[in-house]
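Trainee: Starting from these lines, generate the structure:
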Amino acid sequence: MDNFKKLSELLEKPLFSSSDAKQRGVSSSLLSYYVNIGLIERIDRGIYRGIDSNMNVDFQWEDLVLAVKSVPNAVVCLTSALALYYLTDEIPRMHWLAVANSQRAPKRIGTKIIRMRNMSLGRSEMELGSETIQIFDMERTVIDAFRYLGKEVAIKALKSGLTIQGNKRIDLKMLQEYAQVFRINIDQYILAVST
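Mentor: Model prediction:
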C-alpha cells in the first residue's frame, strides 16, 4: 500500500500528529518528505495538516482553532474566550489555552498555555464554522479574568456581559457560584457595574 494512502484518513482532519501518522506506518522522515514536496503542512512541532484540508472557520479564528486542536485536552480561556464572547475590545496577541494542572504544557508559537485546576467547572463547547472547540463558559471566563488578568479587564468584561440582552447575558447566580468556588469576592463589582 502506498504510504500516502495510509495518511488519506488523517488528511481529512483539520490536524494530525506525527504519532497518528506513525500508528499508520508513516515514519517521521516520510512526513518530512511530504512537507518538502508540498503535500502536507507542518503547523508546529509534531503537528501537521493536509495542504487541501478545509476547516470552514472564519479567518480570524482559524489560528485559534488550530492551536486548540494541537494541544490535547485544551480549553480556550481568558483573553481568547473574552474575545469569542465579545466581552472585550482587546484583540488577543496570542491564543490563551488552559490545560489541567497535572498535564505538561506543550509549547506552541503564538499561544499562552495556562495550567489550571478544576478544568471541568464551566467547561463547554462552541461551534466555530465546522469545528467544535472546548471553551470555558462566559461566567467562568469572567471569574478567571479576575483571577489571572486583573480587575480592569475583568470589570469591563463583567459590565459587557451584564449589558448583553437576551439569553446570552451572564447568569449572575452561576457567576456567584463560580466566584464562591474560586474564593473571589465579586459582589462589590457586580453592584458597581449594575448601578
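Trainee: what about Gly129, how many neighbours?
Mentor: Residues near Gly129, counting by other Cβ atoms under 10 Å, number 13. (C-beta placed from N, C-alpha, C; glycine too.)
Trainee: Return the per-residue confidence for it.
Mentor: We have a pLDDT of 80 for Gly129.
Trainee: Hmm, it is touching Val57, no?
Mentor: Yes. Gly129 lies in contact with Val57 (Cβ atoms under 8 Å); the separation is 3.6 Å.
Trainee: Need the overlap of contacts for the two.
Mentor: Val65 (Cβ atoms under 8 Å, 6 or more residues apart in numbering).
Trainee: Bridged to the nearest residue to Met126 once chain neighbours are set aside, which residues?
Mentor: Of all residues not flanking Met126 in the chain, Ile135 sits nearest, at 4.8 Å (Cβ to Cβ, 6 or more residues apart in numbering). Beta-bridge partners recorded for Ile135 (DSSP bridges): Val76, Ser124.
Trainee: Report the contact partners of Ile135.
Mentor: 75-77, 81, 84, 123-126, 141.
Trainee: Now tabulate these in JSON lines and tack on pLDDT and neighbour count.
Mentor: Converted to JSON lines, the contacts of Ile135 look like this (pLDDT from 0 to 100; neighbours: other Cβ atoms under 10 Å):
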{"residue": "Val75", "pLDDT": "96", "neighbour count": "25"}
{"residue": "Val76", "pLDDT": "97", "neighbour count": "26"}
{"residue": "Cys77", "pLDDT": "96", "neighbour count": "28"}
{"residue": "Ala81", "pLDDT": "96", "neighbour count": "28"}
{"residue": "Leu84", "pLDDT": "94", "neighbour count": "19"}
{"residue": "Arg123", "pLDDT": "96", "neighbour count": "15"}
{"residue": "Ser124", "pLDDT": "96", "neighbour count": "12"}
{"residue": "Glu125", "pLDDT": "95", "neighbour count": "10"}
{"residue": "Met126", "pLDDT": "94", "neighbour count": "16"}
{"residue": "Thr141", "pLDDT": "97", "neighbour count": "29"}
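Trainee: Let me know the closest of those to Asp63.
Mentor: Val76 (12.1 Å; Cβ to Cβ).
Trainee: OK, contacts around that closest one?
Mentor: Contacts of Val76 (Cβ under 8 Å, 6+ apart): 64, 68, 84, 95-98, 126, 133-136.
Trainee: could you dump those residues to CSV with distance to Gln188 and secondary structure?
Mentor: As requested, these are arranged in CSV below (distance: Cβ to Cβ, whole Å; DSSP: H, G, I helix; E, B strand; the rest coil):
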residue, distance to Gln188, secondary structure
Leu64, 33, helix
Val68, 34, helix
Leu84, 27, helix
His95, 32, strand
Trp96, 26, strand
Leu97, 30, strand
Ala98, 26, strand
Met126, 30, strand
Ile133, 33, strand
Gln134, 31, strand
Ile135, 27, strand
Phe136, 23, strand
